[in-house]
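> Structure for the following, please:
(2 chains)
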Number of protein chains: 2
Amino acid sequence: MRKGRLYVLSGPSGTGKGTICKAVMAQGDPELALSVSMTTRAPREGEIDGVSYYFVTQEEYDKTVAEDGFLEHAGIYGNCYGTPKAPALEKLESGIDVILEIEMQGAMQVKRAYPDARLIFVLPPSLDILRNRLRGRGTENEEQLQRRTASALEEIQKIADYDYYVVNDELEGAVARVNAIISAGRLEVDERAAELVKKYEEEK
Amino acid sequence: MRKGRLYVLSGPSGTGKGTICKAVMAQGDPELALSVSMTTRAPREGEIDGVSYYFVTQEEYDKTVAEDGFLEHAGIYGNCYGTPKAPALEKLESGIDVILEIEMQGAMQVKRAYPDARLIFVLPPSLDILRNRLRGRGTENEEQLQRRTASALEEIQKIADYDYYVVNDELEGAVARVNAIISAGRLEVDERAAELVKKYEEEK
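All right, here's what the predicted structure looks like:
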């Protein structure tokens, strides 16, 4: 049977990768699952435990690291994030595509461990627009904003490590582009060739 | 500047690859061009010279072969077909994606000469349905139909040589799948990485 593909949606903070991810998942594709990350950071307003993230203590997080229970994990801005390994691998095995929405460090870890993963870089239309979006969020001071914009450019400079890019100019278009990437992935002949041929041979 | 991608739509005779191709082109995407093949076979009803094919004499065809003017060329069922090289390469150079709708022999030639070409295999929903479609065309006798169905299976057995497959169960779905393949191709980072980065660096 066909295995699922692992898609990693990453890119600088504030590019809207979370919103794209949510909108892609809201389409209700039964062959697509979202991986829920674990984090030690505090929930933001509106975030739900087990849906947005699994909000855990540092102790619980460290335990999972020690048990090699993460597909990737990283510390970002003093907080820890990790993708639980078992649920993602189970879904892939059963033919379900899995999306991870993670930071760049994690994306690179996934690529090293799973070279078949498809990395999608979410780009802001411009750095100016990115800065304004982050400012609108109201969770950071000006110094933090400058640091984030500078690190966004550093991340963009590593875009060659990614397989696809999606400019988030407007949500609907960005979602359509992610959909196209996932649809095309399902049409690749790859390991399914033998299975496809068999179907027609049996008919003869 | 980004170069165009070469897509080859191929598959057994009667799978409807011509119809899919026409419907994809009818969407009017300005960044997608259809390569018009040359053939020595007689026009079928409704086929227009310069649109469906360039209908040429054997002499004109042989001259183009001698001048190395084909991207691929092959003799199928006693007729000769070829893809003129110059117009396709010009479009690719100027950033336009190009679709070729050709037989399998030609598809393999293209893949050898242009490994970056993406080969799409158009599959019938079943061999039975394929036979009925060919019969409905009314251009072949039963012996020819059996030969075509047998050779269709032989072609399907080589599907591992292709990059993508599209089952032509219904036209609209098949067109959407080809669209997804082409859209995803345009979102690949590949040789555009440096260009993408530059845009953001200039903004700083």
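
> In contact with the residue at minimal distance from the centre of chain A, which residues?
Centroid-nearest residue in chain A: A:E101, 2.3 Å away (criterion: C-alpha atoms, centre = their mean). Listed by C-beta atoms under 8 Å, 6 or more residues apart in numbering or on different chains, the contact partners of A:E101 are A:9-10, A:17-18, A:21, A:34-35, A:37. Backbone N, C-alpha and C define where each C-beta goes, glycine included.

> Buried only: go through those residues for me.
A:9-10, A:17, A:21, A:34-35, A:37 (16 or more other C-beta atoms under 10 Å in any protein chain shown).

> Export the residues you listed as CSV, with columns for secondary structure and distance to A:E154.
CSV is the format used below for the buried ones among the contacts of A:E101 (DSSP: H, G, I helix; E, B strand; the rest coil; distance: C-beta to C-beta, whole Å):
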residue, secondary structure, distance to A:E154
A:L9, strand, 19
A:S10, strand, 14
A:K17, helix, 17
A:C21, helix, 23
A:L34, strand, 27
A:S35, coil, 25
A:S37, strand, 22
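
> so which of these would you say is closest to A:S52?
Closest approach between these and A:S52, by C-beta to C-beta: A:S37, at 8.7 Å.

> Report the buried residues of stretch A:182-192.
For stretch A:182-192, a neighbour-count test (16+ other C-beta under 10 Å) marks A:182-189, A:192 as buried.

> typo on my end, it should be stretch A:104-120
Along stretch A:104-120, these residues count as buried under the neighbour rule (16+ other C-beta under 10 Å): A:104-111, A:114, A:117-120.

> from memory A:V110 sits against A:L100, does it?
Yes: contact criterion C-beta atoms under 8 Å: A:V110 and A:L100 qualify, at 6.8 Å.

> residues bridging contact with these two, i.e. touching both?
A:6, A:8, A:71-72, A:83.

> Close to chain B: what parts of chain A are there?
By C-beta under 8 Å from any C-beta of the partner chain, the residues of chain A that approach chain B are A:121, A:123, A:126-128, A:153, A:156-157, A:159-160, A:162-166, A:176-177, A:179-181, A:183-185, A:187-189, A:193-194, A:196-197, A:200-201, A:203-204.

> contacting residues for A:I156?
A:12, A:121, A:123, B:196-197, B:200.

> From these, which land in strands?
Among those, the members found in strands (DSSP state E) are A:121, A:123.

> So A:L92 is in contact with A:Y7, correct?
No: here A:L92 does not reach A:Y7: they are 10.7 Å apart, not a contact under C-beta under 8 Å.

> Please say which of the two ends up with more neighbours.
The neighbour count for A:L92 versus A:Y7, taken as other C-beta atoms under 10 Å in any protein chain shown, is higher for A:Y7 (25 against 19).

> Check for me that that one belongs to a strand.
Yes: the assignment for A:Y7 is a strand, going by DSSP: H, G, I helix; E, B strand; the rest coil.

> Could you double-check that it sits in contact with A:V98?
Yes: using C-beta under 8 Å, A:Y7 is in contact with A:V98, at 7.0 Å.

> if we can go back for a sec, quick check, nearest of the contacts of A:I156 to B:R147?
A:F121 (49.6 Å).

> OK, contacts around that closest one?
A:F121 neighbours (C-beta under 8 Å, 6+ apart): A:10-11, A:156, A:159, A:162, A:164-166, B:189.

> Give me the nearest residue to it, chain neighbours excluded.
A:Y162 (4.1 Å; C-beta to C-beta, 6 or more residues apart in numbering or on different chains).

> Neighbours of that neighbour, how many?
For A:Y162, the neighbour count with other C-beta under 10 Å is 25.

> and the spatially closest residue to A:A152 that is not a sequence neighbour, how many neighbours?
Closest residue to A:A152 apart from its sequence neighbours, by C-beta to C-beta, 6+ apart: A:P12 at 3.4 Å. Using other C-beta under 10 Å, A:P12 is surrounded by 24 other residues.

> thinking A:P12 is in contact with A:E155, fair?
Yes: using C-beta under 8 Å, A:P12 is in contact with A:E155, at 4.9 Å.

> residues contacting A:L34?
Counting by C-beta under 8 Å, 6+ apart, A:L34 touches A:21, A:25, A:98-99, A:101.

> ok, so of these, who is nearest chain B?
Ranked by distance to chain B (C-beta to the nearest C-beta), the contacts of A:L34 are led by A:I99 at 15.1 Å.

> ok, back up a step: please identify the one among the contacts of A:I156 that lies nearest to B:S52.
Within the contacts of A:I156, proximity to B:S52 (C-beta to C-beta) peaks at B:L196, which comes in at 38.7 Å.

> Look at the closest one and report its pLDDT.
Predicted confidence (pLDDT) for B:L196: 83.

> Remind me what the strand or helix carrying A:R131 packs against, helices and strands.
Per DSSP states H and E, A:R131 falls inside helix A:127-137. Helix A:127-137 sits against helix A:142-156, helix B:193-203, with contacts defined as 3 or more C-beta pairs under 8 Å, 6 or more residues apart in numbering or on different chains; DSSP states H and E.

> For that helix, give the mean pLDDT please.
The average pLDDT within helix A:127-137 is 88.

> ends of stretch A:83-103, how far apart?
Length of stretch A:83-103, first residue to last, C-alpha to C-alpha, to the nearest Å: 11 Å.

> Quick check: buried residues in that stretch?
In stretch A:83-103, counting by 16+ other C-beta under 10 Å, buried: A:83-85, A:88, A:91-92, A:96-103.

> same check, this time on stretch A:125-132
Under 16+ other C-beta under 10 Å, the buried positions of stretch A:125-132 are A:127, A:130-131.

> and which of the shared contacts of A:V110 and A:L100 is nearest to A:G136?
A:V8 (25.9 Å).

> so what's that closest one bridging to?
Under DSSP bridges, the beta-bridge partners of A:V8 are A:L100, A:L119.

> Report how many residues lie close to the closest residue to A:V167 other than its chain neighbours.
Nearest residue to A:V167 in three dimensions, chain neighbours excluded: A:L123, at 4.7 Å (C-beta to C-beta, 6+ apart). Per other C-beta under 10 Å, the neighbour tally for A:L123 reads 24.

> Repeat that for A:G69.
Per other C-beta under 10 Å, the neighbour tally for A:G69 reads 16.

> next one: phi and psi at the closest residue to A:G50 other than its chain neighbours?
Excluding the flanking residues, the one nearest A:G50 by C-beta to C-beta, 6+ apart is A:V36, at 6.6 Å. For A:V36, the backbone dihedrals (degrees, to the nearest 10) come out as phi -90, psi 120.
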